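Engineer: Any chance you could fold what I've pasted below:
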Amino acid sequence: MTGEEMFLKEKFGLILFIFFLAVASADAWEPHLAGDAFAPETLLVVNKEKQNFFVFSNRSPLQKEYSWQCTTGQAHGSKLVEGDLKTPEGIYFLERRISQNLPFDLYGELAFTLNYPNPIDRIHNRTGHSIWIHGRGREVVPFDTEGCVAMDMEYMRALEDMVVLSKTPVVIANDITWDPVEIESKNSRKVAKLSQAWAEDWKVRSDSYFDHYHPDLFPRSSGQSFNNFKAHKKRLFNQYSWIDVFIEEPKVLEGPGYWVSYFGQVYKAPGFYSKGIKRLYWKPDDDGEFRIVGEEWRSYPHDYLEQDYLFTRKEEIRSVVSGWRKAWLEADINKYGSFYHEDAVQGDLKGIDSILDHKRDIWGRGSLPAGIDLEKINIAFTDQDFRVDFFQSYASATGYSDYGHKTLIMVPYGDDWLITKESWSEVR
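Structural biologist: Numbers count the residues shown, from 1 in each chain. So this is what the prediction gives:
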C-alpha cells in the first residue's frame, strides 16, 4: 500500500468515525422536563450520560426530590439489538417486583422489570429482553451493566416505597435538562383529549373508534393486521348488547418521537368485567394528526379503580333516576319514555309502546301523579346489568296512594342509561 493510499484510508476512516459519532449524537434523546398538568405526580428519570437516577415530584412546580448515582449499559447509545450492551431510551414502566433467587453480586436483593421492548421498540424492530432496574451487591461504577439500570441497595429500598407497578413511568434518556416552571403542553392536552374520545367511541361502538389508530404502524407493534384487529373488535361490538368503558384522567408523557397516555380502565359488558392499566402510544401521521401506533394493557389488582368506577356510575345513575322521577311526576310522556329501552318490561307490560299506552290511559282519565318520593336508593352492579333498589311513595291527583319497593334494572346504551326492567311490590 502506498503512502498516499494509507493517508486516504486513515482520512476516510477518520471521516467515518466522525460521521458515526454525529449519528450517535443526533439519535441520542435529550428531553427538557418541565411541570405539566398531564404528567404523573411522581416521575423517575435516568440520565445515562451523567449516570444519575432522579426522582421528580410534579406537584406544581416540578421538583427534584432525590438524585442517586446509578450505572447503565457498558456501550453508549440507545439499545437496538439483543446483546449490544446498551440501555434503551424512551418511556418505560415498572412491571414486576423481583426479590427472590437473585445473584446478589449483580442484582442485590431487589429488581423491577421494565416493559422493554415497548410497542415503539417493536415498530423499530428493536430486540432484547430483561431490562431491569435493580440493586447491586458490589460497588456501583459507571457504565457497568449489560443494559439494565443498577443502583446501590440503599437507593433501591427508598425507590420501592414510591413504585406503583404497571403505573410508575421511567424516563430513560442520554441527558436531560429540567425547569420547575409549569407549562401547558398543547400536545399533552391534545393526546389526553384524544384518549378520552377513544374511550367514548369504544363505549358507543362507533366506527370512529378505528379512526384513532394508525393503520400502517399499529400492525407492526401488535403483530396482527389492521383488518383482523377491526374484525375482532366488530365481533365484540355485535356480541354484546352494550359496552361500558370507564377511564381515569389520562397521564401523558412525551418520548423520543412519540407520546404515551396511560390510565386506569374498567371495561364491562354483559357477563364480562375487567379492570387494569391501559397505555396508548401515539405518533403524528402524515397530516400531523395523532394516531395510536401501539397499546398495552395490564391487569390491576387494587380496589380503588373499581371504587372510582362505581362512584362515577352511581352518580350518573342517581341523576338519571332523578330525571325519570321528574318526567313521571310532570306526566311528560315523551320524556318519560326516553328513559326506557324499546324492549323494556314493566310488570306485566312488555315493550316501550305497551308501557306508554298504559300511562296515556291512566293520565288521560285524570289520574295524574301528584307526589312521588324515593328513599333509601341503593345501586349495585351485577354480572349482567346495574340494579337500582329503593322505596317509593306514590300519590295521584284522584286521591290514590301506595307505598312499595321498586327495582329498576338499568344498562348503558351509548351515552344514555336505559331501564330494561321495572318491578314493584307493595309494602304494607
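Engineer: What sits closest to Leu80 if chain neighbours are left out?
Structural biologist: Arg126 (5.7 Å; C-beta to C-beta, 6 or more residues apart in numbering). In this view, the C-beta of every residue, glycine as well, is placed from N, C-alpha and C.
Engineer: The strand or helix carrying Ser393: partners in the sheet, and parallel or antiparallel?
Structural biologist: In this structure, Ser393 sits in strand 386-396 according to DSSP states H and E. Sheet pairing for strand 386-396, assigned by DSSP bridges, gives strand 369-381 (antiparallel), strand 401-413 (antiparallel).
Engineer: Compare these and give me the one nearest Ile247.
Structural biologist: Ile247 lies closest to strand 401-413 among the strands paired with strand 386-396, at 14.3 Å (C-beta to C-beta).
Engineer: Sheet partners, orientation included, of the next helix or strand after the closest one?
Structural biologist: Downstream of strand 401-413, the first helix or strand assigned by DSSP H and E is strand 416-426. Pairing partners of strand 416-426, with direction, according to DSSP bridges: strand 340-346 (parallel), strand 401-413 (antiparallel).
Engineer: Figure out how far the shortest one is from the centre of its chain.
Structural biologist: Relative to the mean C-alpha coordinate of its chain, strand 340-346 is positioned 34 Å out (C-alpha atoms, centre = their mean, to the nearest Å).
Engineer: ok, now which ones touch Ile120?
Structural biologist: Gly90, Ser221, Gly255, Gly257, Tyr258, Tyr281, Val293, Gly294 (C-beta atoms under 8 Å, 6 or more residues apart in numbering).
Engineer: Neighbours of the second one, how many?
Structural biologist: Other residues lying near Ser221 total 22 when counted by other C-beta atoms under 10 Å.
Engineer: SS state for it?
Structural biologist: Secondary structure assignment for Ser221 (DSSP: H, G, I helix; E, B strand; the rest coil): helix.
Engineer: That one against Arg122, yeah?
Structural biologist: Yes - between Ser221 and Arg122 a contact is recorded at 4.8 Å, counting by C-beta atoms under 8 Å.
Engineer: Now for these two: what residues contact both?
Structural biologist: With C-beta under 8 Å, 6+ apart, Ser221 and Arg122 have common neighbours Gly294.
Engineer: ok so, going back, quick one, which of the strands paired with strand 416-426 is nearest to Ser130?
Structural biologist: Ser130 lies closest to strand 401-413 among the strands paired with strand 416-426, at 42.0 Å (C-beta to C-beta).
Engineer: Give me the residues contacting that closest one.
Structural biologist: Outside strand 401-413, the residues touching it (C-beta under 8 Å, 6+ apart) are 203, 241-244, 317, 320-321, 341, 385-395, 417-427.
Engineer: Using PyMOL, define a selection of the buried residues within those residues.
Structural biologist: Remark: buried members of those, expressed as a PyMOL selection using 16 or more other C-beta atoms under 10 Å:
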select buried, resi 203+242+243+244+317+320+321+341+385+386+387+388+390+392+394+417+418+419+420+421+422
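Engineer: quick revisit: closest one of the contacts of Ile120 to Glu146?
Structural biologist: Gly90 (18.1 Å).
Engineer: related to what we said a few turns ago, does the residue nearest to Leu80 count as helix, strand or coil?
Structural biologist: Arg126 ends up coil, using three-state DSSP.
Engineer: Quickly note the distance from it to Gly223.
Structural biologist: Separation of Arg126 from Gly223 (C-beta to C-beta, to the nearest Å): 15 Å.
Engineer: for Asn334, same thing?
Structural biologist: 50 Å.
Engineer: same deal with Arg235?
Structural biologist: Counting by C-beta to C-beta, the gap from Arg235 to Gly223 is 19 Å.
Engineer: Need the residues that contact stretch 369-382.
Structural biologist: 268, 310, 313-314, 317-318, 321, 325, 328-331, 386-397.
Engineer: And the residue nearest to the spatial centre of the chain, what's its pLDDT?
Structural biologist: In the chain, the residue lying closest to the centroid (C-alpha atoms, centre = their mean) is Phe263, at 2.8 Å. At Phe263, the pLDDT value in this model is 97.
Engineer: any idea which helix or strand carries it?
Structural biologist: Judged by DSSP H and E, Phe263 forms part of strand 258-269.
Engineer: Just give the strands next to the helix or strand following that strand in its sheet, each with its orientation.
Structural biologist: Sequence-wise, the next helix or strand beyond strand 258-269 is strand 272-284, with elements assigned using DSSP H and E. Each strand paired with strand 272-284, and its direction, by DSSP bridges: strand 258-269 (antiparallel), strand 290-299 (antiparallel).
Engineer: Please name the bridge partners of Ser423.
Structural biologist: Thr407.
Engineer: next one: stretch 32-52 to chain centre, how far?
Structural biologist: 20 Å.
Engineer: Please identify the buried residues of that stretch?
Structural biologist: 33-40, 42-48, 51-52.
Engineer: cool, stretch 176-184 as well?
Structural biologist: Residues of stretch 176-184 classed as buried by neighbour count (16+ other C-beta under 10 Å): Ile176, Trp178.
Engineer: what does that stretch contact?
Structural biologist: Stretch 176-184 is contacted from outside by 30-37, 45, 47, 54, 56, 60-64, using C-beta under 8 Å, 6+ apart.
Engineer: So which of those belong to strands?
Structural biologist: His32, Leu33, Ala34, Gly35, Asp36, Val45, Asn47, Phe54, Phe56, Leu62, Gln63, Lys64 (DSSP state E).
Engineer: of the residues you listed, closest to Ile352?
Structural biologist: Asp36 (48.1 Å).
Engineer: what is that closest one paired to in the beta sheet?
Structural biologist: With DSSP bridges as the rule, Asp36 is bridged to Ile183.
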